[in-house]
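>>> missing the sequence, but the structure's below:
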């Protein structure tokens with residue numbers, strides 16, 4: 001993304017600053033949107049639409065304040081607009097369901113953060129091959145087919161390996177949480 005659409009800033013420092021703060025917050029914004037929208041692809045589309053709005057409004061951003069909460073307010077509005085355009089979501093717009101989901105996310109945030117910290121530790125406990133498979137699938141978003149070619153395994157074998165690794169990570173997270181609470 002060398003040039004952003006819409007607004008022209010007088011210098012590239014503003015563009016660099018936007019890219020830096022947006023990219024640092026993008027995963028958090030995506031998590032925020034995914035509370036409201038169950039489909040990952042729809043949530044990613046909303047985050048991209050939010051990025052465009054944020055770029056257009058970036059001159060209004062107070063740089064002394066954290067970027068992510070400011071960006072999430074825009075993400076909520078973009079999500080509402082997205083929902084409004086889709087009839088199947090019309091029911092959600094009648095009440096305060098979106099706000100309720102956001103509040104629920106905020107209440108669950110400490111538990112989510114704790115699990116995320118344990119996940120980091122548990123990922124380090126995987127073998128190098130297992131870690132490569134997880135990083136390839138979840139972080140680099142490689143297809144199962146390409147992972148199969150890289151590891152010389154069938155697609156079914158890759159799916160089964162990922163399933164076993166997910167189970168292993170889930171067990172590890174629960175075990176470390178219960179060990180931490182027992183202390």
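All right, it came through fine. In this text the structure is predicted, and so the values were computed from the model without any measurement.
>>> could you give the mean pLDDT of whichever helix or strand residue 17 is part of?
Assigned by DSSP states H and E, residue 17 belongs to helix 12-36. Helix 12-36 shows an average pLDDT of 87 in the prediction.
>>> list the buried ones in stretch 114-133?
For stretch 114-133, the neighbour count (16 or more other C-beta atoms under 10 Å) marks 115, 118, 122-123, 126, 130, 133 as buried. (Glycine included, C-beta is placed from N, CA and C.)
>>> of all those, which comes closest to residue 41?
residue 133 (22.4 Å; C-beta to C-beta).
>>> ok, that closest one touching residue 159?
No. Using C-beta atoms under 8 Å, residue 133 is not in contact with residue 159, being 10.6 Å away.
>>> Got the domain ranges for this protein?
1-94, 108-183 (automatic domain parsing).
>>> I'd assumed residue 119 was in contact with residue 176.
No. Using C-beta under 8 Å, residue 176 is not in contact with residue 119; the gap is 9.4 Å.
>>> Look at the residue nearest to residue 114 when sequence neighbours are not counted and give its secondary structure.
Once flanking residues are discounted, residue 114 sits nearest to residue 177: 6.9 Å by C-beta to C-beta, 6 or more residues apart in numbering. Following DSSP: H, G, I helix; E, B strand; the rest coil, the label given to residue 177 is helix.
>>> What residues does residue 177 make contact with?
Shown in contact with residue 177 (C-beta atoms under 8 Å, 6 or more residues apart in numbering): 114-115, 118.
>>> Could you list which of those belong to helices?
Among these, the ones falling in helices (DSSP state H) are 114-115, 118.
>>> the strands in this structure, which residues?
Here the chain has no strands by DSSP state E.
>>> returning to what we had before: let me know the pLDDT of the residue nearest to residue 114.
85.
>>> And residue 173, by the same measure?
90.
>>> Roughly how far does it sit from residue 114?
Residue 173 is 9 Å from residue 114, where distance means C-beta to C-beta, to the nearest Å.
>>> looking at this structure, which helix or strand does the model trust least?
When the helices and strands of the chain are scored by mean pLDDT, DSSP states H and E, helix 90-93 comes last with a mean of 58.
>>> which of the buried residues of stretch 114-133 lies closest to residue 16?
Using C-beta to C-beta, those come closest to residue 16 at residue 123, 31.4 Å.
>>> Low-confidence regions, this structure specifically.
1-11, 87-95, 183 (pLDDT under 70).
>>> Okay, helices next: where are they in it?
So, for the chain - with DSSP H - the helices run 12-36, 40-57, 67-85, 90-93, 97-125, 128-134, 144-151, 155-182.
>>> got a markdown table for the buried residues of stretch 114-133, with distance to residue 50 too?
What follows is the buried residues of stretch 114-133, written out as a markdown table (distance: C-beta to C-beta, whole Å):
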| residue | distance to residue 50 |
| --- | --- |
| 115 | 25 |
| 118 | 29 |
| 122 | 31 |
| 123 | 29 |
| 126 | 33 |
| 130 | 34 |
| 133 | 31 |
